[in-house]
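Asks: Show me how the following folds:
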Amino acid sequence: MRAPSALSLLSVATLVPELQAFAIPPQAPISRRDNLDQIVLPGFPHPNPTVSYWQDPPHRIANLRTTPELPTSQVFDYVIVGSGISGAAIAFKLLNRDPNLSILMLEARTAASAASGRNGGHCKPGDWKEVKEWVDLYGEDEALKIGKMEQDCVDDVRSFVKNYNVSSGWQDVETADLYWTKEKFEEAVEIKKFQDELESRRPNDGPWSNKRTVYAGQAARDHWKWPQILGAVTYTSHTQNPYLTVCALLEESLKKGLNLQTTTLALSLSQLNTTDPTAAKWAIKTDRGTVRAKNAILATNSYTNALHPGLASTGFLVPQRNQVAAVHPSANTSANPVFRRSHSYPDLHSGNNYIAVRAPDDIHGGDVIVGGSTKFSPTRERNITDDSVINSDIADDLHGVGRVVFGYHVLTSSSSSPFSSSRPQPPSEQKAHIRPEAAPPNQSQPSEAAVAAT
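Replies: I've put the predicted structure just below:
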């Protein structure tokens with residue numbers, strides 16, 4: 001194993017200056033399931049992923065099949081492929097608006113077991129830095145809608161956790177984007193000034209409820225207690241066990257009649273030729289049979305391209321594998337301000353390094369979650385959907401902090417914007433209608449077929 005460099009971005013000395021030691025139990029970095037009889041298809045969810053820190057132990061609905069047999073004879077109002085945060089939130093909102101809807105959810109593995117159950121635990125509106133670029137690309141109106149949508153989505157999740165008393169270790173924390181380079185910090189300050197000017201002109205149109213504060217030089221170091229930084233932009237964020245939050249969303253929908261079918265791999269999507277409004281318009285072939293629905297929704301994140309060859313052919317969506325380490329400190333760190341916050345590092349190499357800390361009163365309270373280090377991958381882990389293994393070079397760097405390493409995927413677009421497509425077109429058309437998704441989460445109901453990428 002390669003020893004972490006003294007200059008490693010994820011070394012204990014650099015990122016957590018006041019932490020002295022960790023108690024790290026010997027543990028293999030990779031665990032696998034034993035269900036090797038499942039099929040493995042390129043681009044589709046691997047049946048034996050690394051075991052996520054968040055999913056130990058598995059949730060009570062992890063292997064749920066609402067009905068023992070796949071309901072192939074029924075025509076559903078909606079079929080949702082994917083049980084992560086996107087699929088779970090869509091089902092929850094649809095059933096809240098109309099409890100009489102029939103909704104079938106297909107999950108290739110266990111419930112909420114992909115990115116939503118294996119990420120870093122942040123619920124953070126971190127794309128505020130993109131608003132100026134969005135204005136240049138889409139115009140001021142659309143840019144503000146996209147920015148507000150991000151904050152609205154974060155607020156939506158927080159409201160759900162609070163209103164339903166979800167036990168997922170949720171905590172509201174001060175977060176910061178920390179800067180080590182003068183160029184990137186000055187760029188962040190200019191973006192903050194740009195947003196301040198926007199807010200003064202359009203106080204009701206943007207994500208202004210979450211105030212950003214700039215700390216420069218010694219003021220940043222004094223406030224954040226990190227001696228290396230040149231500046232910081234702070235605001236409100238949240239940390240949680242994302243797996244438990246999403247499983248709670250699913251359970252609320254199950255109470256309202258959602259049919260969840262885990263370990264059911266969707267293989268293809270086809271449009272049916274009909275003009276009858278009561279008939280099925282979509283057929284989804286799975287490894288257990290074919291189901292039909294009036295509307296189909298792909299909430300499939302990095303696996304979307306595999307189910308939608310037409311969209312894949314555009315190159316618009318790019319899967320990317322990410323890795324995370326979980327660390328248990330040897331001493332009580334609750335009095336240390338570094339461990340009551342979350343941190344991101346937008347200007348260091350790949351720009352995806354971050355630290356979050358679990359709530360002190362939560363199970364495994366005080367554990368430090370560290371992610372990133374894709375700089376050690378020549379491809380930055382792009383176009384990789386296999387989460388049954390981890391990148392050893394990235395793991396070696398993360399081992400500078402902890403030994404429990406697991407992975408997940410994100411899906412980026414060429415525009416870096418959230419998007420939806422009104423109808424997954426058949427492969428023969430080889431074209432996707434793509435637009436920035438600007439509607440706040442409470443204002444639009446999916447119709448026909450939609451692709452949701454997160």
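Asks: so where is the stretch 201-350 of the chain shaky, pLDDT-wise?
Replies: 348-350 (pLDDT under 70).
Asks: which residues of it fall in helices?
Replies: Along the stretch 201-350 of the chain, counting by DSSP state H, counting those that start in this stretch, helices occupy 218-224, 242-255, 304-307, 309-312.
Asks: Which among those helices is found nearest to residue 381?
Replies: The closest approach between residue 381 and any of the helices of the stretch 201-350 of the chain, judged by Cβ to Cβ, belongs to helix 304-307 at 15.5 Å. All C-beta atoms are positioned from the backbone trio N, CA, C, and that covers glycine.
Asks: any chance of the helices of the stretch 201-350 of the chain in JSON lines, plus mean neighbour count and distance to residue 72?
Replies: Below are those laid out as JSON lines (neighbours: other Cβ atoms under 10 Å; distance: least, Cβ to Cβ, whole Å):
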{"stretch": "helix 218-224", "mean neighbour count": "15", "distance to residue 72": "56"}
{"stretch": "helix 242-255", "mean neighbour count": "23", "distance to residue 72": "20"}
{"stretch": "helix 304-307", "mean neighbour count": "22", "distance to residue 72": "18"}
{"stretch": "helix 309-312", "mean neighbour count": "19", "distance to residue 72": "24"}
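Asks: which one of the ones you listed lies closest to residue 152?
Replies: helix 242-255 (16.3 Å).
Asks: how about the CA coordinates for the closest one, as CSV?
Replies: Taking C-alpha atoms only, helix 242-255 is exported to CSV below (Å, rounded to 0.1, in the frame of the first residue of the first chain):
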residue,chain,number,x,y,z
PRO,A,242,-28.7,9.7,4.0
TYR,A,243,-29.7,6.1,3.9
LEU,A,244,-32.0,6.4,6.8
THR,A,245,-33.5,9.6,5.5
VAL,A,246,-34.4,8.1,2.1
CYS,A,247,-35.7,4.8,3.7
ALA,A,248,-38.0,7.0,5.8
LEU,A,249,-39.3,8.7,2.7
LEU,A,250,-39.9,5.3,1.2
GLU,A,251,-41.8,4.0,4.3
GLU,A,252,-44.2,7.0,4.2
SER,A,253,-45.0,6.1,0.6
LEU,A,254,-45.4,2.4,1.4
LYS,A,255,-48.1,3.4,3.9
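Asks: what comes into contact with it?
Replies: 52, 54-55, 59, 61, 64, 66, 83-85, 88-89, 91-92, 95, 103, 105, 111-113, 116-119, 121, 123, 157, 160-161, 164, 166-170, 258, 260 (Cβ atoms under 8 Å, 6 or more residues apart in numbering).
Asks: again, only this time at 7 Å
Replies: 54-55, 59, 61, 66, 83-85, 88-89, 91-92, 95, 111-112, 116-117, 119, 121, 157, 160-161, 164, 166-168, 260 (Cβ atoms under 7 Å, 6 or more residues apart in numbering).
Asks: circling back: which of the helices of the stretch 201-350 of the chain sits closest to residue 189?
Replies: helix 218-224 (11.4 Å).
Asks: Remind me what the closest one packs against, helices and strands.
Replies: strand 231-239 (3 or more Cβ pairs under 7 Å, 6 or more residues apart in numbering; DSSP states H and E).
Asks: ok, 10 Å please
Replies: Helices and strands touching helix 218-224, by 3 or more Cβ pairs under 10 Å, 6 or more residues apart in numbering; DSSP states H and E, are strand 171-179, strand 213-216, strand 231-239.
Asks: quick one: the last one to strand 171-179, angle?
Replies: To tie it back to what came earlier, the one meant is strand 231-239. With axes from the mean of the first three to the mean of the last three Cα atoms, to 10 degrees as the basis, strand 231-239 and strand 171-179 are set at 150 degrees to each other.
Asks: what lines up beside strand 231-239 in the sheet?
Replies: The pairing partners recorded for strand 231-239 under DSSP bridges are strand 122-123 (antiparallel), strand 171-179 (antiparallel), strand 213-216 (antiparallel).
Asks: Just the contacts of helix 242-255: which are in strands?
Replies: residue 260 (DSSP state E).
Asks: List only those of the contacts of helix 242-255 flagged as buried.
Replies: 54-55, 59, 61, 83-85, 88-89, 91-92, 95, 111-112, 116-117, 119, 121, 157, 160-161, 166, 168, 260 (16 or more other Cβ atoms under 10 Å).
Asks: max-length helix in this protein?
Replies: Ranked by residue count under DSSP state H, the longest helix found in the chain is helix 140-163.
Asks: Compute the inter-axis angle for it and strand 171-179.
Replies: 140 degrees.
Asks: so for helix 140-163, what's the average pLDDT?
Replies: What helix 140-163 shows for mean pLDDT is 97.
Asks: quick one: buried residues of that helix?
Replies: Across helix 140-163, burial judged by 16+ other Cβ under 10 Å covers 140, 142-158, 160-161.
Asks: which secondary structure elements does it contact?
Replies: helix 85-97, strand 122-123, helix 131-138, helix 182-201, strand 231-239, helix 242-255, strand 435-436.
Asks: same thing but at 8 Å, please
Replies: With contacts defined as 3 or more Cβ pairs under 8 Å, 6 or more residues apart in numbering; DSSP states H and E, the packing partners of helix 140-163 are helix 85-97, strand 122-123, helix 131-138, strand 231-239, helix 242-255.
Asks: Specify the stretch among those that is closest to residue 352.
Replies: strand 122-123 (11.3 Å).
Asks: Can you give the contact residues for that closest one?
Replies: 154, 157, 158, 175, 237, 238, 239, 240, 242, 342, 354, 356.
Asks: for the residues you listed, which one is nearest residue 383?
Replies: Nearest member of the contacts of strand 122-123 to residue 383, counting by Cβ to Cβ, is residue 354, at 22.4 Å.
Asks: pretty sure that closest one is in a strand, no?
Replies: Yes - counting by DSSP: H, G, I helix; E, B strand; the rest coil, residue 354 is part of a strand.
Asks: Spatially nearest residue to it, not counting backbone neighbours?
Replies: Nearest residue to residue 354 in three dimensions, chain neighbours excluded: residue 344, at 4.5 Å (Cβ to Cβ, 6 or more residues apart in numbering).
Asks: I'd say the one you found and residue 125 touch.
Replies: No - in this structure, residue 344 is not within contact of residue 125 by Cβ atoms under 8 Å, at 11.5 Å.
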